[in-house]
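# With the input below, show me the fold.
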Amino acid sequence: MKLKLTLILTFISLAYCNAQIHEVYYKMGRENANKLKHSAAITDFTRAIMLKPDYADAYIARGISEDFL
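Predicted coordinates:
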């Protein structure tokens with residue numbers, strides 16, 4: 001029983017962490033864009049989009065960075 005509870009809690013925590021990773025990449029992309037590192041920003045925004053395909057803000061920010069290349 002204790003093992004099952006541990007496994008369930010581990011799975012839930014991993015699922016929650018993975019759900020937030022797209023925001024980390026988006027924030028990194030914003031930081032790179034602000035530093036005028038648009039190639040790196042595009043990579044970060046693309047990673048955010050891969051993790052959350054309906055992330056509209058990342059699509060918009062990636063498009064803006066692409067305009068600067």
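
# okay, the spatially most central residue of the chain: pLDDT?
With distances taken as Cα atoms, centre = their mean, the residue of the chain nearest its centroid is residue 22 (1.9 Å). Looking at residue 22, its pLDDT is 90.

# Kindly report the same for residue 26.
Residue 26 is assigned 96 on the pLDDT scale.

# wait, it sits on residue 60?
No. Using Cβ atoms under 8 Å, residue 26 makes no contact with residue 60, being 10.7 Å away. For glycine as for every other residue, the C-beta is placed from the backbone atoms N, C-alpha and C.

# Those two - which one has more neighbours?
Ranked by neighbour count (other Cβ atoms under 10 Å), residue 26 and residue 60 place residue 26 first, with 23 against 11.

# now stretch 47-65, how far from the centre of its chain.
8 Å (Cα atoms, centre = their mean, to the nearest Å).

# Alright, that wraps it up for me.
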